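Asker: Build me a model:
(one chain, ligands or ions: 2)
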Amino acid sequence: VKSTLATLPVPSSTHSVAYNAPPSGRANATFVFLARNSDIDGVAAAVQSVEDRFNRRHGYPWVFLNDEYFTEQFMFRVRLLTDAPVFFGRIERDAWNQPDWIDEEKARKGRLKLMSQRIIYGGSVPYRNMCRFNSGFFFKHELLQQYRYYWRVEPGVKYFCDLSYDPFKMMQEQEKVYGFTISLMEHKATVATLWQAVKEFIEQHPEHIDPNNALDFVSDDAGANYNLCHFWSNFEIADMDFWRAPAYQAFFDFLEAKGGFYYERWGDAPVHSIAAALFARRDQIHFFRDIAYRHDDFEHCPAGEQYAANRCSCNPDTSFDYTDHSCLRRFENLFS
Ligand code: GDP
Ligand code: MN
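Answerer: Numbers count the residues shown, from 1 in each chain. Ligands and ions are numbered 1, 2, ... in the order given. Below is the predicted model of the structure:
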């Protein structure tokens, strides 16, 4: 069905507020948005939110990735929402599909097991493809090669406050490698043997562990067990050179060989979080307190002076920050 949208004229200005030329010296950075064509409504809402609260003053580019070709309508609707450069890319099969060497019978049993426990996405192969892609492949995509920092965006997310500074430049100036807004506990069944693999990796590659690591964020017993804390990766502002470096490459290869992305349902969030906790200096992990953000049912909303100064629209009383399943208190206790 051909959409009527495609026949509408493109407005000359897509914003009620005039686009300001970006301040000289943007960081080498981009937004990264993995999406399906069917996600378009949530994609449009998310792009609009990011543009309104931050990017219309900066003009950072957008990179959209998909395992299929984006439709004309998808691209048309996205391009309306920003004056910044927009790129649309397709993901190579090898970076997306379940590898041939995965034992499908074992993978199927793993899916049934998680389904019987009613774990979200427990039976989904595409979801596993997505988690593996976000763990080991997105930063290798040709459209991202030229960039160092990225800000991950997902369908339906919302930003509630103006952002008064450039977080990419902050990351660069302060040598940060990983930034988050929400941290929480993972479903244990999805990562049943992940920590065992992590321990084996540490034993074989002690040279990759930073002496000032943040192991105590992900383990309460000096590394014996995983405490399930992770940074929620639907929002990330991070340094792709960290993922591209030898430590993370060796780590991903090691995890990939275990097959846990398919035999269990290892998420890119615990994988990224554990890597950041082990291979970076602890002061290189950053909590973006001033970025008010919602994904599905959880939101981070700042209180205090920032709330009015940045014209926030969220409710600080419903912030996830210090609820039972949040790991923020642990992070702050350890890192302040
Ligand atoms: P959740 O946030 O864990 O509930 O998972 P989502 O459904 O939001 O998926 C995470 C991200 O991956 C979103 O940006 C989705 O648009 C994207 N995604 C998930 N599955 C697929 C898929 O099969 N193909 C593509 N192209 N993107 C996907
Ligand atoms: Mn999501």
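Asker: show me where the chain has helices.
Answerer: With DSSP state H, the ranges of helices along the chain come out as 40-53, 72-79, 93-96, 104-116, 125-136, 167-173, 194-204, 215-218, 240-244, 246-258, 260-263, 268-279, 305-309, 328-335.
Asker: Of all these, which one comes closest to ligand 2?
Answerer: helix 40-53 (8.4 Å; CB to the ion). All C-beta atoms are positioned from the backbone trio N, CA, C, and that covers glycine.
Asker: Using JSON lines, lay out the helices of the chain together with mean neighbour count.
Answerer: Formatted as JSON lines, those follow (neighbours: other CB atoms under 10 Å):
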{"stretch": "helix 40-53", "mean neighbour count": "20"}
{"stretch": "helix 72-79", "mean neighbour count": "17"}
{"stretch": "helix 93-96", "mean neighbour count": "13"}
{"stretch": "helix 104-116", "mean neighbour count": "15"}
{"stretch": "helix 125-136", "mean neighbour count": "20"}
{"stretch": "helix 167-173", "mean neighbour count": "18"}
{"stretch": "helix 194-204", "mean neighbour count": "17"}
{"stretch": "helix 215-218", "mean neighbour count": "21"}
{"stretch": "helix 240-244", "mean neighbour count": "19"}
{"stretch": "helix 246-258", "mean neighbour count": "17"}
{"stretch": "helix 260-263", "mean neighbour count": "23"}
{"stretch": "helix 268-279", "mean neighbour count": "24"}
{"stretch": "helix 305-309", "mean neighbour count": "13"}
{"stretch": "helix 328-335", "mean neighbour count": "15"}
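Asker: Those: which one's closest to ligand 1?
Answerer: With distances scored as CB to the nearest ligand atom, the stretch of the helices of the chain nearest to ligand 1 is helix 125-136 (3.7 Å).
Asker: before we move on, back to that, could I get the helices of the chain in JSON lines, plus columns for distance to Leu143 and mean pLDDT?
Answerer: Formatted as JSON lines, the helices of the chain follow (distance: least, CB to CB, whole Å; pLDDT from 0 to 100):
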{"stretch": "helix 40-53", "distance to Leu143": "17", "mean pLDDT": "98"}
{"stretch": "helix 72-79", "distance to Leu143": "14", "mean pLDDT": "98"}
{"stretch": "helix 93-96", "distance to Leu143": "12", "mean pLDDT": "98"}
{"stretch": "helix 104-116", "distance to Leu143": "30", "mean pLDDT": "98"}
{"stretch": "helix 125-136", "distance to Leu143": "14", "mean pLDDT": "99"}
{"stretch": "helix 167-173", "distance to Leu143": "17", "mean pLDDT": "98"}
{"stretch": "helix 194-204", "distance to Leu143": "29", "mean pLDDT": "98"}
{"stretch": "helix 215-218", "distance to Leu143": "31", "mean pLDDT": "98"}
{"stretch": "helix 240-244", "distance to Leu143": "12", "mean pLDDT": "98"}
{"stretch": "helix 246-258", "distance to Leu143": "20", "mean pLDDT": "98"}
{"stretch": "helix 260-263", "distance to Leu143": "23", "mean pLDDT": "99"}
{"stretch": "helix 268-279", "distance to Leu143": "18", "mean pLDDT": "98"}
{"stretch": "helix 305-309", "distance to Leu143": "34", "mean pLDDT": "94"}
{"stretch": "helix 328-335", "distance to Leu143": "32", "mean pLDDT": "93"}
